[in-house]
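S.K.: For reference, the sequence and a predicted model appear below.
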Amino acid sequence: MNKIISLIAICLLFVTILSSCQQEKKLPFYGERHTETIKDSSGADKIDTVYQTIPNWSFLNQDSVVTTNRATDGKVYIADFFFTSCTTICPTMHRNLMTVYNQFKTNPDVMFVSHTIDFKYDRPYVLKKYAQKLGVDGAKWQFLYGSKDSVYTLAEKNYLVAVGEDSTAKDGYIHQGYLVLIDKDRRIRGAYDGTKKDQVEQLKKDIPVLLAEYKK
């Protein structure tokens, strides 16, 4: 009897430890980082790590409305780079992203931001038609248009996603199909290949983990 009780106690301890580990799981940080000395609440010096963040931005959305980073402030969001006439990875990428959108579209703490890299053709009205065809309506998912320099710099320097014009490419542009997960403090917490279902499924699992960090 004592052995059975001991076994049950061990099992309960294991479950408790496992549950604690799962609750404390945190996603990694991506990009550059540096340390700086700050004062804690007692006035003592302490070393703090500062991570790369997404800077302020301002673009036109699919409704021709000037949209800035304030739209995503205080939210977890998924960003990507695409163009509406893309016939290679974009259709698969956004079809997969739609499954993420449908899962979290009622969660007010989650948003979606898609930047077009086709500054010549993808004007707001084109983005609007694209969004409607995709089945997206409302402010939950922003499709954004901006100048070549502003979008390309944001992609490569800040989101760490390669984009560019390429006359030898099938559709005239090249870009990576990453879905980039950004936390409420504008830090990169994950990058997932939007063309691969297993990575998109991992994104779905990681979003609640990231949201949980802000509930403590």
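M.R.: Structure received. Residues are numbered from 1 along each chain as shown.

S.K.: State the number of residues packed around Phe159.
M.R.: To be clear, residue 159 is Tyr; Phe isn't right here. By other C-beta atoms under 10 Å, the residues close to Tyr159 number 24. (C-beta placed from N, C-alpha, C; glycine too.)

S.K.: for it, what are its contacts?
M.R.: Residues near Tyr159 by C-beta atoms under 8 Å, 6 or more residues apart in numbering: Ile54, Ala79, Phe81, Tyr178, Val180, Ile188.

S.K.: same thing with Cys90?
M.R.: Cys90 touches Phe82, Phe83, Thr84, Gly177, counting by C-beta under 8 Å, 6+ apart.

S.K.: The last one reaches Asp193, doesn't it?
M.R.: Yes - the pair Gly177 and Asp193 passes the contact test of C-beta atoms under 8 Å, sitting 5.9 Å apart.

S.K.: which one of these two has more residues nearby?
M.R.: Gly177 (23 against 18).

S.K.: how near is the more buried one to Tyr159?
M.R.: Relative to Tyr159, Gly177 is positioned 13 Å away (criterion: C-beta to C-beta, to the nearest Å).

S.K.: and what of Thr99?
M.R.: 21 Å.

S.K.: Checking Gln62 next. Helix, strand or coil?
M.R.: Under DSSP: H, G, I helix; E, B strand; the rest coil, Gln62 falls in the coil class.

S.K.: Check Lys215 too.
M.R.: coil.

S.K.: burial measure for it, as a count.
M.R.: When neighbours are counted by other C-beta under 10 Å, Lys215 comes out with 6.

S.K.: repeat for Lys148
M.R.: 14.

S.K.: pLDDT below threshold where in the protein?
M.R.: Along the chain, the parts satisfying pLDDT under 70 run over 1-24, 39, 44-45, 216.

S.K.: Tell me which stretches of it form helices.
M.R.: 2-23, 90-104, 124-134, 148-153, 197-213 (DSSP state H).

S.K.: Which strands or helices does the third one pack on?
M.R.: Same thing as helix 124-134. strand 141-144 (3 or more C-beta pairs under 8 Å, 6 or more residues apart in numbering; DSSP states H and E).

S.K.: Strand partners (parallel or antiparallel) of the strand it packs on?
M.R.: Here strand 141-144 is paired, per DSSP bridges, with strand 110-116 (parallel).

S.K.: Name the surrounding residues that touch the strand it pairs with.
M.R.: 59, 71-72, 75-84, 94, 97, 100-101, 104, 122, 127, 140-146, 151, 154-155, 207, 211.

S.K.: Same question for stretch 69-78.
M.R.: By C-beta under 8 Å, 6+ apart, stretch 69-78 touches 54-58, 97, 100, 108-113, 139, 142, 179-184, 186, 203, 207, 210-211.

S.K.: go with 7 Å
M.R.: 56-57, 100, 109-113, 142, 179-184, 207, 210-211 (C-beta atoms under 7 Å, 6 or more residues apart in numbering).

S.K.: One more: stretch 41-51?
M.R.: Here stretch 41-51 has contacts from Phe29, Gly31, Arg33, His34, Thr35, Glu36, Thr37, Ile38, Lys39, Asp40, Arg187, using C-beta under 7 Å, 6+ apart.
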